[in-house]
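K.L.:
How does the following fold in three dimensions:
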Amino acid sequence: MWRRYWTCSSPGTNMHIFCSALQSVVNARHAQGQNVFMADLFSVVDPVTMLQSDGTHPNSLGFSVMAKEWLFRIAAMTVRTDQVVTPFIGASSTWRYSDQGVDLGTNWAQPDYDDSGWSQGLGRLGYNAPGIATAISYGPNSTNKYITTYFRQTFVVPANVHYTNLNVRLNRADGALVWLNGQELFRVNLPSGQVLFTNLATVSVTGDSLNTYYSSNRANLFLPVGTNVLAVEVHKSSPALANLAFDIELFGVGELMPPLTAALDGTNFVTRWPATNHGGFVLLSGSNLSQTAGWSTLGGPYVLNGGYYEYREPIVQSQPANFYTLRYVGLPAIGPNLRWTLGSNALALSWPTDFAGFNLETTIALPATGAWQTVAGPYDLSNDTFGISVPGPPSQQFFRLRKPLP
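P.N.:
Below you'll find the model as predicted:
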């Protein structure tokens, strides 16, 4: 079931403004598991570039953006097998905020920062702007308002989805620096370099632009499973400027994790998953389902076999039962360094754990007259390295690490 809500308008402005009251109702229904969303098409229309000369009706670019917004909202409430769109943070959600005019330094954006003493309120937050649901403080002097205000909110990432993009819709006046788990995600209307508490925004946002939710797409993100923290600092362009506004919508876009299958092959345990578009996944294993953070990455080899990655290890009856899952880590930009130590009757090879899923291959001549052969595993994990000992190597033998891709 889905419903569409129209936007609201405010006296004194030609533009539609985001309707916080309706969005709050939608958020409450969504929290109850109802598949209800709000499609506020005008909220993404930039009044400077996307309206006709009358300041009310969208031009061709405005209509195009509104159509994309509508399609995205449909995707957010549609169950598909090839794509997942997850609304992590809805507009008009509850935010913790610090509006005391105190410089919090840089630690405030870290996930473990204690914000329990902060105020709370529904978006949009700010003052002297239409559609504000929570009025925050600008200090005791209306002509010398606080420059910076801080906001934090948590969201939960499920374990069964690999998110490739974050879609952010940011309402900000004037400048904003957005942090994800203590790392800068992006900034707008702020200078480059380190941003201080006293830094002014580089642009003043006034008029109908106060009501716009500007869309930004961030690709190739690694979102850890479980609780994540989005933190935003909003900076004014002038302490004398009348307005401040802030709100965010945050969506994750990705795909369902590839399915794992398991089987016995003699005395070996074998697990497989589809290889196409899944080269950036690694396999993890652990014996405690309630403490997955302590699970170990399995180095490999991950052998390509009939369109699937295949990992196998011998069954040890005396060991407790293991559980397995996939985690997306992406493909590294540079290759691994292969280290070796020559013993009296074996050659020990090792490489960093950042390169799980790279297979150790060998040949006895260069250029290889035949195919490189994968060295059988499993590769042992010890001291943050994967490794294996090759017994009694011949007088000449070459090794390499290679990520098999379909």
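K.L.:
Give me the below-cutoff pLDDT ranges for this protein.
P.N.:
When residues are selected by pLDDT under 70, those of the chain lie in 1-21, 23, 30, 35, 37-39, 81-82, 220-222, 368-370, 393-395.
K.L.:
mind giving me the domain split of it?
P.N.:
Described in terms of automatic domain parsing, the domain architecture of the chain consists of the residue ranges 81-256, 261-402.
K.L.:
Please work out which of those domains is packed deepest.
P.N.:
Mean neighbour count, computed with mean count of other Cβ atoms under 10 Å, is highest for domain 81-256 among the domains of the chain, reaching a mean of 18. (C-beta placed from N, C-alpha, C; glycine too.)
K.L.:
picking that back up, and the domains of the chain as CSV, adding distance to residue 50?
P.N.:
What follows is the domains of the chain, written out as CSV (distance: least, Cβ to Cβ, whole Å):
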stretch, distance to residue 50
domain 81-256, 9
domain 261-402, 35
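K.L.:
mind checking which of the ones you listed is nearest residue 69?
P.N.:
Judged by Cβ to Cβ, the one of these that comes nearest to residue 69 is domain 81-256, at 8.0 Å.
K.L.:
Give me the distance from that closest one to the chain's centre.
P.N.:
Centroid separation for domain 81-256 versus its chain: 15 Å, with Cα atoms, centre = their mean, to the nearest Å.
K.L.:
picking that back up, between the domains of the chain, which one is closest to residue 58.
P.N.:
Between residue 58 and the domains of the chain, the tightest spacing by Cβ to Cβ is seen for domain 81-256, at 12.4 Å.
K.L.:
thought residue 251 was touching residue 166?
P.N.:
Yes - look at residue 251 against residue 166 with Cβ atoms under 8 Å: they come within range, at 7.2 Å.
K.L.:
Find the residue closest to residue 376 in space, skipping its chain neighbours.
P.N.:
Closest residue in space to residue 376, ignoring its immediate chain neighbours: residue 301 at 7.4 Å, by Cβ to Cβ, 6 or more residues apart in numbering.
K.L.:
Show residues contacting stretch 274-281.
P.N.:
Outside stretch 274-281, the residues within contact range by Cβ atoms under 8 Å, 6 or more residues apart in numbering are 162, 255, 257-259, 273, 304, 307-309, 326-331, 357, 403-406.
K.L.:
Among the residues you listed, which lie within helices?
P.N.:
Among those, the subset assigned to helices under DSSP state H is empty.
K.L.:
Pretty sure residue 108 sits in a strand.
P.N.:
No - when the secondary structure is assigned by DSSP: H, G, I helix; E, B strand; the rest coil, residue 108 falls in helix instead of a strand.
K.L.:
what's the distance between it and residue 177?
P.N.:
When distances are taken as Cβ to Cβ, to the nearest Å, residue 108 and residue 177 turn out to be 11 Å apart.
K.L.:
Just the strands from the stretch 101-250 of the chain, written as ranges.
P.N.:
Ranges of strands within the stretch 101-250 of the chain are 119-122, 125-127, 134-135, 148-157, 161-173, 175-180, 183-188, 214-219, 226-235, 244-256, based on DSSP state E, counting those that start in this stretch.
K.L.:
could you dump the ones you listed to JSON lines with distance to residue 283?
P.N.:
Formatted as JSON lines, the entries for the strands of the stretch 101-250 of the chain read as follows, by distance: least, Cβ to Cβ, whole Å:
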{"stretch": "strand 119-122", "distance to residue 283": "41"}
{"stretch": "strand 125-127", "distance to residue 283": "43"}
{"stretch": "strand 134-135", "distance to residue 283": "45"}
{"stretch": "strand 148-157", "distance to residue 283": "19"}
{"stretch": "strand 161-173", "distance to residue 283": "14"}
{"stretch": "strand 175-180", "distance to residue 283": "26"}
{"stretch": "strand 183-188", "distance to residue 283": "26"}
{"stretch": "strand 214-219", "distance to residue 283": "24"}
{"stretch": "strand 226-235", "distance to residue 283": "19"}
{"stretch": "strand 244-256", "distance to residue 283": "17"}
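K.L.:
just so I know, which of those strands lies nearest residue 57?
P.N.:
Taking Cβ to Cβ, strand 214-219 is the member of the strands of the stretch 101-250 of the chain nearest to residue 57, at 20.2 Å.
K.L.:
Which other helices and strands does the closest one contact?
P.N.:
Contact analysis of strand 214-219 by 3 or more Cβ pairs under 8 Å, 6 or more residues apart in numbering; DSSP states H and E lists strand 161-173, strand 183-188 as its packing neighbours.
K.L.:
Distance to residue 154 added to those strands, as TSV?
P.N.:
Converted to TSV, those look like this (distance: least, Cβ to Cβ, whole Å):
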stretch	distance to residue 154
strand 161-173	15
strand 183-188	15
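K.L.:
wait, which of the ones you listed is closest to residue 226?
P.N.:
Nearest to residue 226 among those is strand 161-173 (12.6 Å), distances taken as Cβ to Cβ.
K.L.:
Only alpha carbons, please: show that closest one as CSV.
P.N.:
This file holds the C-alpha atoms of strand 161-173, laid out as CSV (Å, rounded to 0.1, in the frame of the first residue of the first chain):
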residue,chain,number,x,y,z
VAL,A,161,22.4,-5.6,1.9
HIS,A,162,25.5,-4.4,0.2
TYR,A,163,25.1,-0.6,-0.2
THR,A,164,26.9,1.0,-3.1
ASN,A,165,25.6,4.5,-2.7
LEU,A,166,24.2,7.0,-0.2
ASN,A,167,21.7,9.5,-1.5
VAL,A,168,21.5,12.6,0.7
ARG,A,169,18.9,15.3,0.5
LEU,A,170,20.2,18.2,2.6
ASN,A,171,18.3,21.3,3.6
ARG,A,172,20.9,23.8,4.8
ALA,A,173,21.2,27.5,5.5
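K.L.:
Direction included, what does it pair up with?
P.N.:
Strands that pair with strand 161-173, judged by DSSP bridges, come out as strand 214-219 (antiparallel), strand 244-256 (antiparallel).
K.L.:
measure stretch 87-100 end to end?
P.N.:
Distances were taken as Cα to Cα, to the nearest Å; on that basis the terminal residues of stretch 87-100 are 30 Å apart.
K.L.:
ok, now stretch 70-85?
P.N.:
Counting by Cα to Cα, the length from the leading to the trailing residue of stretch 70-85 is 14 Å.
K.L.:
Check stretch 182-196 too.
P.N.:
In stretch 182-196, first residue to last residue: 16 Å (Cα to Cα).
K.L.:
And stretch 153-167, by the same measure?
P.N.:
Distance between the boundary residues of stretch 153-167 (Cα to Cα) amounts to 16 Å.
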